[in-house]
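S.K.: Generate a structure from the sequence data that follows.
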Amino acid sequence: MVAVPFGFSIGDFITGTKILINVLSAFKESSGASSKYASETAFLHSLTSTLQHLNDYVKPNPQDALSSSISSLLDTVRGPLDEFKTFLDKHEASLGKTSTKSKLGKVPKTVTYTLKDISGKIEKLRRQAEQPLQAISSLLSLQQM
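M.R.: All right, here's what the predicted structure looks like:
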């Protein structure tokens, strides 16, 4: 029976140090998790507004080929948009502008948000929501030609 070696490599320490630095920088006011959260929330509000305008554009002519394509893409974006909104809503109480939690009370959600940011979850959700919008933009551009 061979004993499995146990230990840490230098790579583990480097990775751990990077994560620690990112978590500690999340507590900075100017570039921390609250600032990133505010940016993502602004993106979400802008996206929601754009989708509402597109929906208003599509409603009068549901049989039109362009409206049908846009409507289909709007349905595609709703899933990722809802997931993105749910993710951000979980952090509203700690990272939102109107947060009344103490600095200590904000720690768990700040760390969670930062680790999700490091893992790329936030960027993935954002890309999934933006992708159908690019297709809609292309459709509208072709319509104007």
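S.K.: In which helix or strand does the residue most central in space within the chain reside?
M.R.: When CA atoms, centre = their mean is applied to the chain, the residue found nearest the centroid is Ile122 (3.7 Å). In the assignment (DSSP states H and E), Ile122 maps to helix 121-144.
S.K.: do the same with Gln63
M.R.: Going by DSSP H and E, Gln63 is not part of any helix or strand.
S.K.: what about it, how many neighbours?
M.R.: As a burial measure, Gln63 scores 6 neighbours (other CB atoms under 10 Å). Yep, even glycine has a C-beta here, placed from its N, CA and C like the rest.
S.K.: Would you map the helices across the chain?
M.R.: 10-25, 33-58, 65-90, 92-95, 103-119, 121-144 (DSSP state H).
S.K.: so can I have TSV of those helices showing mean pLDDT?
M.R.: Formatted as TSV, the helices of the chain follow (pLDDT from 0 to 100):
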stretch	mean pLDDT
helix 10-25	65
helix 33-58	83
helix 65-90	85
helix 92-95	74
helix 103-119	70
helix 121-144	81
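S.K.: Let me know which of those is tucked in deepest.
M.R.: Most buried of those by mean neighbour count (mean count of other CB atoms under 10 Å) is helix 92-95; its value is a mean of 18.
S.K.: these two touch, right, the residue nearest to the centre of the chain and Gln128?
M.R.: No. Taking CB atoms under 8 Å as the definition, Ile122 is not a contact partner of Gln128, at 11.0 Å.
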